[in-house]
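Asks: Predicted structure and sequence below. I'll ask about it afterward.
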Amino acid sequence: MIALLSGMFATALLAGGVLALAALGEVMAERTGVTNLGVEGLMALGAVVAIMTVANVPNPWAGLLAAFAVGALGGMVFALGAVIMRASQVLCGLAVTFMGLGLSTALGHSYAGQPSPVVFGHVHVPLLSSIPVIGPGLFGQNILIIPIYVVLPLLVHFVMFRTRHGLNMRAVGENPAAADAAGIPVMAMRFGYVTLGGAMAGMAGGYLTLTYVPVWSEGMVAGRGWIALALVIFAGYRPVMVTCAALLFGLVTTLAFVGQARNWPIDPAFLNMLPYLGTMACIIVPVLVWRRMRRVMAAPAALAQPYYRDVR
Amino acid sequence: MSRQAAFQRMPSVPARRILIWRAGAIACALLVTAAILALSGYSPPDLALLVARSTVGSRFGMEDLALFMSPLLLTGAAVTVCNRIGLWNIGAEGQFYAGAIGAAAIGLFVPAPALVLLPLMAAAGIVAGMGWIAIPTLARAYAGVNEIITTLLLNFVASLLTYYLTTGPWRDHVTGAQVSSARLPVSIPEIWGIVHWGFPIGLLIVAVLAAVMAHTRWGYEIRVGGANPDAARYAGIPVRARIIVVMLLSGGLAGLAGMFELAGTVHRLQGGMANNFGYLGIVVAVLARGSCLDVIPAALLMAFILDAGIVLQTQQLTASVVLAITGLMLFMIAIADELAHYRPVARMKKETAP
């Protein structure tokens, strides 16, 4: 039983890491008032670029860095349209998703089906990795688990809620006109965090192909970008909450594996539907059960609205 | 003193202005594509000639265009009607699958003559499409849950369900085709080469929708609800009821597209048969700018791009290039739409002079 639990926890951490990275980046972008619906496409680009990089430079860090860079580039393209040009965020986001999915398939054509030559190896922190249930998952897996689940969320939480910069950042998302009047560079703030969010979506793709599913195939991102977007809403735009939500969804994904391994009398196709259905339940049910949830978990007031300084 | 703005943003602009900007955007997107193709060693003029010859330049090409247009008309209309009330149905792909599954269930298991079976299948397709959008609809109407994400997530569920049915219980035992059901006993009759009745019916549906939207009180209420929900509520329009009906209509249209594609073109339920028609419906709707009648030229343009994609595939370019080109076009159009709102204004020198 302990072995099963610790195995499930470890897989949940591994699977949820993709969602955690992308969703954390998106939390930052959305807190400045920009919804980037391009996460799915940027993730696919990051995934394929990571594979292409490690095929030439056999170092997983190089792959992750390349995924981060291509994600940042894609984020900048999106921000150019949706922030600088103030075009529709929905359209720009969908466009980036289409471009990302199409380009990644075209680029990865000759890499499809080949396993990644290098992946992030396992680390074993002595003592800590022998803690029952949570030890092997947190301290006995790839080296990225601790940064993703502990360091990054706490860092973002600290910056967002305990520093002046974080206050400015949230002000831009709540009331850009007031923030502008107070001397906060609205456009720079939005451009910067959308780029960072895109970079983290790209890195999530790189994480996917360098640890969890070390092979490129078309459609492998399989809606993880959209789930990450939904988790941001579910977690009420909070960095620590969104990481916990990602772990929860890692666990839901794990159920499909456990079900197959233990011969549950359910077709794996139905178990594979669970993350999508679970995500839907998570953004619908809380609002129905607890009406105040809508205010507690409210989106930044200026979310998805372009900012016009010259039009009042 | 801050710098005097040299451009002024107009709240609304004439359609002609937007059209000019959009033509420029599409030209830009095609130029960028040509440049990328040229850099990867292809000859853009040769490819363009090849595309022209095998689309509008031949009978088969024209038939292909009409065949691609049939589902795009309906998915485009599905996204457009939702747009009118200010919502995005990104789940047309899933509703398309649901419609195909519903129609296949009738077609495969109900023994009846074609004259009875085809209308039954169409009805099943519409109902299945409506069923597929029901949860996002109710969540939107009663809890204000963002419909973009809920409709989209169900696409993956529908695609998994299709995969399950076509590899499991409905698997083809006769020819052993992969990820496919048995061949349906009936098909929509053809009217012109390989073009089936789904094409004229799709055109008719779009025309009727355009008339309803433009000339009925119901259509007017939907437009007001989309433009300003608060004003609509104040004027006594039941916005929630309109949202529910419009979203169900949208799902039904996409489901019907699935039934047409199933019974007219593919003839069996297949994994991947939606062929991105649902997602491309979004592009069609964006091109049509919320006007149902404009869905027709928009679907034609999109069908042309899809058809061109097939030609490119014969030239060792993957079909995914089409998705990337479509994305680029969408991006350019989004920017062009915004830029069309600006007009240069003369600086008032006398006032700013010290």
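Replies: Looks like it came in fine.
Asks: I'd like to know how far A:Gly93 sits from chain B.
Replies: A:Gly93 sits 9 Å away from chain B, taking C-beta to the nearest C-beta, to the nearest Å as the criterion. Backbone N, C-alpha and C define where each C-beta goes, glycine included.
Asks: and residue 155, what pLDDT?
Replies: Let's take chain A. On pLDDT, A:Leu155 comes in at 96.
Asks: Sorry, I should have been clearer: chain B.
Replies: B:Asn155 carries a pLDDT value of 93.
Asks: what separates the helix or strand it falls within from the chain centre, distance-wise?
Replies: Per DSSP states H and E, B:Asn155 falls inside helix B:147-167. Computed by C-alpha atoms, centre = their mean, to the nearest Å, the chain-centroid distance of helix B:147-167 equals 17 Å.
Asks: Which parts of the chain are helices?
Replies: Looking at chain A here, since you left the chain open. Assigned by DSSP state H, the helices in chain A fall at A:2-31, A:39-56, A:60-79, A:89-107, A:134-139, A:145-146, A:152-162, A:164-174, A:176-181, A:186-207, A:224-234, A:239-261, A:268-289, A:293-296.
Asks: oops, chain B please
Replies: With helices called from DSSP H, chain B shows them at B:15-39, B:44-54, B:59-84, B:92-109, B:114-143, B:147-167, B:198-215, B:217-227, B:229-234, B:239-260, B:277-288, B:295-314, B:320-339, B:349-352.
Asks: So which of the ones you listed is the most surrounded?
Replies: When you average the neighbours per residue for each of these (mean count of other C-beta atoms under 10 Å in any protein chain shown), helix B:92-109 leads with a mean of 29.
Asks: quick check, that one touching chain A?
Replies: No: applying C-beta under 8 Å from any C-beta of the partner chain, one finds helix B:92-109 separated from chain A by no less than 9.9 Å.
Asks: what helices or strands is that helix leaning on?
Replies: helix B:59-84, helix B:114-143, helix B:147-167, helix B:239-260, helix B:277-288 (3 or more C-beta pairs under 8 Å, 6 or more residues apart in numbering or on different chains; DSSP states H and E).
Asks: The residue in the stretch 151-300 of chain B positioned nearest to chain A: what's it in contact with?
Replies: Nearest to chain A in the stretch 151-300 of chain B, going by C-beta to the nearest C-beta, is B:Tyr164, at a distance of 3.6 Å. Applying C-beta atoms under 8 Å, 6 or more residues apart in numbering or on different chains, we find B:Tyr164 in contact with A:Asp267, A:Ala269, A:Phe270.
Asks: Please apply the same query to B:Ile305.
Replies: Neighbouring residues of B:Ile305 by C-beta under 8 Å, 6+ apart: B:Val322, B:Ile325, B:Thr326, B:Met329.
Asks: Just name the closest of those to chain A, please.
Replies: Using C-beta to the nearest C-beta, the contacts of B:Ile305 come closest to chain A at B:Thr326, 5.5 Å.
Asks: returning to that earlier point: could I get the helix holding B:Asn155 in CSV with only the CA atoms?
Replies: C-alpha atoms of helix B:147-167 as CSV (Å, rounded to 0.1, in the frame of the first residue of the first chain):
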residue,chain,number,x,y,z
GLU,B,147,-17.2,29.1,-22.1
ILE,B,148,-13.9,29.2,-24.0
ILE,B,149,-12.2,26.7,-21.8
THR,B,150,-15.2,24.4,-21.0
THR,B,151,-16.1,24.0,-24.7
LEU,B,152,-12.5,23.4,-25.6
LEU,B,153,-11.8,20.8,-23.0
LEU,B,154,-14.7,18.7,-24.3
ASN,B,155,-13.0,18.5,-27.7
PHE,B,156,-10.4,16.2,-26.2
VAL,B,157,-13.2,14.1,-24.6
ALA,B,158,-15.0,13.8,-27.9
SER,B,159,-11.9,12.8,-29.7
LEU,B,160,-11.1,10.1,-27.1
LEU,B,161,-14.7,8.8,-27.3
THR,B,162,-14.4,8.5,-31.1
TYR,B,163,-11.1,6.7,-30.7
TYR,B,164,-12.7,4.3,-28.1
LEU,B,165,-15.7,3.6,-30.3
THR,B,166,-13.7,3.1,-33.5
THR,B,167,-11.1,0.8,-31.9
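Asks: any low-confidence regions in chain A?
Replies: For chain A, the stretches with pLDDT under 70 are A:292-294, A:310-312.
Asks: ok, now with 50
Replies: A:312 (pLDDT under 50).
Asks: One more: chain B?
Replies: B:1-2, B:352-354.
Asks: what residue is smack in the middle of it?
Replies: Central residue of chain B (C-alpha atoms, centre = their mean): B:Gly281, 1.0 Å from the mean position.
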